[in-house]
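1. the following comprises the amino acid sequence and a computationally predicted model.
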Amino acid sequence: MIENFMESLNVTIDANRLWNLLMDLGKIGEEDNAGVTRTSFDQKDIEARKWFLKLLEQADLSPYMDAAGNIFGQIIGKNPELPAILIGSHLDTVNSGGRFDGAMGVLMGVEVLRTLKEKGIQPERTIKVVSLTDEEGARFDYAFVGSTALVETEGSGKLKENLASATDKDGISYLEAMKQASLAGEYFNQINPDFIEQAQLGKNDVKAYLEVHIEQGKVLENEDLAVGIVTGISGGEWAEVTIMGEAGHAGTIGMKERKDALTAAAECILAIEKIAQDSRGSVATVGKLEVKPGSSNVIPGKVEFTLDVRDISNECRLSTVTEIYDSIRTIAANRGLGCEIRPVQSLSSVMSSPSVMKAVKDSLQELQYPVYELPSGAAHDAMVLGKLTDIGMIFVRSQSGISHHPDEWSSFEDVTLGCEVLFRTTLKLSTSGQ
């Protein structure tokens with residue numbers, strides 16, 4: 001469908017320019033397996049940030065960086081006192097991830113602004129593109145730092161506290177990494193975790209936030225569609241669990257006398273799977289597990305694992321999490337073991353704004369392309385920014401549904417259509433209401 005459609009489409013944006021930039025950015029952090037690794041404030045992340053700042057300078061988009069490391073470019077509107085339109089996503093990746101996740105949405109924002117400038121269109125309100133700091137949380141196991149800094153309404157204390165306690169595998173804290181990055185040169189000196197509250201935006205600063213992202217699933221592919229409108233984003237609960245048993249010699253301690261932390265953790269993990277399967281729609285994942293002391297001839301005395309629970313329904317998600325926590329505590333107690341559950345992050349689900357969805361729908365109809373709506377099971381910065389303003393997302397088809405992997409791919413045609421829809425949607429939102 002998309003190939004035939006593209007032949008008749010009068011594209012406004014420069015599709016080749018967008019695609020070339022996407023491929024160029026993918027070389028920063030590229031590994032031998034073609035995967036891309038740019039984790040927050042590591043060397044490759046800083047290199048990508050410098051590349052992006054240079055791009056914004058070349059495009060005359062007045063770049064700046066805030067205290068949280070978010071990078072902005074902008075076109076000032078005819079009425080700059082009006083709340084701005086914000087287009088964005090992120091440049092960081094998971095370990096050995098793909099080149100489309102996050103980066104595509106940021107570069108589409110740049111292409112929209114460049115197209116406006118080249119066509120001599122000054123929008124009614126200011127339009128900004130933003131690369132948000134650390135959506136993935138791959139380095140510090142703490143995600144959505146940039147978007148959280150923009151919307152946090154209870155002061156900066158909680159965010160600072162979390163950044164101080166979050167550490168990478170080398171024991172470097174998030175705050176230390178941010179302070180080190182602040183020495184990276186021009187623009188970077190604006191990064192200041194001690195005054196991260198300076199990054200906060202008010203509700204009168206932003207009219208709407210738009211994000212284009214690869215779907216990371218197979219729904220659009222199964223429907224033979226290049227793009228879709230996101231109806232809402234599942235909320236998530238993230239936690240770290242520790243099971244505390246008693247280490248001992250594998251050959252001398254009988255099975256009935258053991259306090260094996262790993263077998264207890266295994267029982268917990270199976271219980272987590274069962275609880276999620278029996279829920280009304282929650283999904284639960286244990287993605288990391290560490291066994292200590294980690295020797296083949298020693299009974300495990302301590303096990304730590306991560307927990308990730310998501311659901312589009314806040315009520316169902318919280319019910320699932322409560323049941324999981326109760327089950328973990330019961331399993332540990334029945335085995336005479338200790339356990340600790342440490343909640344790391346909690347994000348409520350958010351529904352897309354009807355007005356933003358209408359603008360996307362009108363743009364698709366204008367292009368005479370089918371309108372298809374679907375929810376997002378994956379979390380995105382839009383979920384956080386929904387606390388601040390109206391949000392909307394456009395999904396672009398993922399080949400075979402692959403994401404967070406070197407084989408992640410979206411076609412040139414799909415990316416082109418996604419950006420054209422974003423361009424037209426942005427124009428509609430920039431001229432509507434106050």
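-> Yes, it's here. Residues are numbered from 1 along each chain as shown.
2. confidence score at residue 161?
-> The pLDDT attached to residue 161 in the predicted structure is 89.
3. so which strand or helix has it?
-> helix 157-165 (DSSP states H and E).
4. in that helix, what's buried?
-> Counting neighbours by 16 or more other C-beta atoms under 10 Å, one finds that the buried residues in helix 157-165 are 159-160, 162-163. Using the backbone N, CA and C atoms, a C-beta is placed for each residue, glycine as well.
5. need the residues you listed in a markdown table (columns: distance to residue 368).
-> What follows is the buried residues of helix 157-165, written out as a markdown table (distance: C-beta to C-beta, whole Å):
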| residue | distance to residue 368 |
| --- | --- |
| 159 | 45 |
| 160 | 50 |
| 162 | 47 |
| 163 | 47 |
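6. from those, which is closest to residue 383?
-> Distances from the buried residues of helix 157-165 to residue 383 were compared by C-beta to C-beta; the smallest belongs to residue 159, at 16.2 Å.
7. the closest one reaches residue 148, doesn't it?
-> Yes - proximity of residue 159 to residue 148 meets the contact threshold set by C-beta atoms under 8 Å, at 5.8 Å.
8. list the contacts of the nearest residue to residue 388 once chain neighbours are set aside.
-> If you skip the residues right next to it in sequence, residue 388 has residue 151 as its closest partner in space, 4.3 Å away by C-beta to C-beta, 6 or more residues apart in numbering. Contacts were defined as C-beta atoms under 8 Å, 6 or more residues apart in numbering; by that measure residue 151 touches 200-201, 384-385, 387-388.
9. 6 Å - rerun?
-> 384, 387-388 (C-beta atoms under 6 Å, 6 or more residues apart in numbering).
10. what's the answer for residue 98, then?
-> Contact partners of residue 98, counting by C-beta under 6 Å, 6+ apart, are residue 408.
11. where does the prediction get shaky in the stretch 101-250 of the chain?
-> 153-156 (pLDDT under 70).
12. mind listing the strands for it?
-> For the stretch 101-250 of the chain, the strands defined by DSSP state E, counting those that start in this stretch occupy 127-131, 206-214, 227-233, 235-244, 248-249.
13. helices and strands around the shortest one, which ones?
-> Helices and strands touching strand 248-249, as assessed by 3 or more C-beta pairs under 6 Å, 6 or more residues apart in numbering; DSSP states H and E, are absent.
14. same question for the very next helix or strand once past it: list its buried residues.
-> Using DSSP H and E, the helix or strand that follows strand 248-249 in sequence is helix 261-278. Of the residues in helix 261-278, those buried by neighbour count under the rule 16+ other C-beta under 10 Å are 261-269, 271-272, 275-276.
15. and for stretch 29-42?
-> Buried residues in stretch 29-42, defined by neighbour count with 16+ other C-beta under 10 Å: 29-30, 35-42.
16. which elements pack onto the longest helix along the chain?
-> Among the elements of the chain assigned as helix by DSSP state H, the one spanning the most residues is helix 314-334. Under the contact definition 3+ C-beta pairs under 6 Å, 6+ apart, helix 314-334 sits against strand 235-244, helix 261-278, strand 302-311, strand 338-347.
17. of those, give the one that comes closest to residue 126.
-> Each of the helices and strands packed on helix 314-334 has some distance to residue 126 by C-beta to C-beta; the shortest is strand 338-347, at 27.5 Å.
18. strands paired with that closest one, and their directions?
-> Strand pairing for strand 338-347, determined by DSSP bridges: strand 235-244 (antiparallel).
19. contact partners of the partner strand?
-> Surrounding strand 235-244, the residues in contact under the criterion C-beta under 6 Å, 6+ apart are 261, 264-265, 302-310, 314, 317, 321, 337-349, 379.
20. all set, thanks.
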